[in-house]
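K.L.:
compute the structure for the input listed below.
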Amino acid sequence: MYDYGNWNVVLINSLIFIIFAFSFVRPKNLTDWRVFGTFSAFIVALFTEMYGFPLTIYFLSGWLSKMFPQLTLFSHNSGHIWYDLFGLSGDPHNSPIHVASTWLINGGLFFLAVTWIFLYKAQRKGVVAKTGPYFLIRHPQYAAFIVIMFGFLLQWPTLLTVIMFPILVVMYIKLAKIEESESIKAFGEEYIAYANKTGRFIPRVFRQKK
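P.N.:
Here you go, the predicted model:
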């Protein structure tokens, strides 16, 4: 049974996630557009292999089929590569890996939505965002995008997304540093004090009081 070639599903799913991401990011300059474009390419590459054509399995079919004869080019379940590599049985959608990836994706989306609420309120008041997720880390929105991409990567790894993931992580780190420089110019010592006691992407166990 040929489980691919569902290009309408590829298009719809890609648009849903890209439009959702755009609603939160709202690119303002060339750097923002470059990062958003790369993220969009990651999403399109992901859903293309998930529902359109299994490019990764096609390229690796010779090596994979020798080690894992249960893999077939035209089976959707074969796209769950981790499932077969670890020798799991049953429905791959119920495997611990798939469940974990679903939690990461949905959790990342929810965290991104919550983050936007606190950022929007701070921007309306013209102050540094320090409450909610921003109390824990300085760039919760980018952390959410990284978690979402990692969730997808865990669920459906492909050659393109495996290559693009570390590139996007580096791009988000650079974008965060640029925004921090702009925030220092806008808020001065207030933002510096906030940055000194708040982690960039990972919460600090002991927050400085000053």
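
K.L.:
can you tell me the closest non-neighbouring residue to Ile105?
P.N.:
Residue nearest to Ile105 in three dimensions, not counting chain neighbours: Gly151, with 3.8 Å by C-beta to C-beta, 6 or more residues apart in numbering. All C-beta spots, glycine's among them, are computed from the backbone N, C-alpha and C.

K.L.:
let me fix that: Ile167
P.N.:
Once flanking residues are discounted, Ile167 sits nearest to Thr38: 6.9 Å by C-beta to C-beta, 6+ apart.

K.L.:
what sits against the one you found?
P.N.:
Taking C-beta atoms under 8 Å, 6 or more residues apart in numbering, we find Thr38 in contact with Met164, Ile167, Leu168, Met171.

K.L.:
may I see the buried residues of the helix or strand hosting it?
P.N.:
Using DSSP states H and E, Thr38 sits within helix 30-47. The neighbour-count check on helix 30-47 (16 or more other C-beta atoms under 10 Å) flags Val35, Phe36, Phe39, Ser40, Phe42, Ile43, Val44, Ala45, Leu46, Phe47 as buried.

K.L.:
which residue is nearest the middle of the chain?
P.N.:
Met149 (2.4 Å; C-alpha atoms, centre = their mean).

K.L.:
is it true that that one lies in a helix?
P.N.:
Yes. Under DSSP: H, G, I helix; E, B strand; the rest coil, Met149 falls within a helix.

K.L.:
with the buried residues of helix 30-47 in mind, which one is nearest to His139?
P.N.:
The nearest member of those to His139, counting by C-beta to C-beta, is Val35 at 12.3 Å.

K.L.:
burial of Lys28, as a residue count?
P.N.:
Neighbour count for Lys28, taken as other C-beta atoms under 10 Å: 8.

K.L.:
I meant Ile117, not that one.
P.N.:
If you count neighbours by other C-beta under 10 Å, Ile117 ends up with 11.

K.L.:
surely it touches Pro133?
P.N.:
No. Between Ile117 and Pro133 there is no contact under C-beta atoms under 8 Å: 9.3 Å.

K.L.:
all helices of the chain, in order?
P.N.:
7-25, 30-47, 55-67, 81-85, 96-125, 133-136, 140-155, 159-187, 189-197 (DSSP state H).

K.L.:
any idea which of those is most buried?
P.N.:
Greatest average neighbour count among the helices of the chain goes to helix 140-155 (a mean of 21), per mean count of other C-beta atoms under 10 Å.
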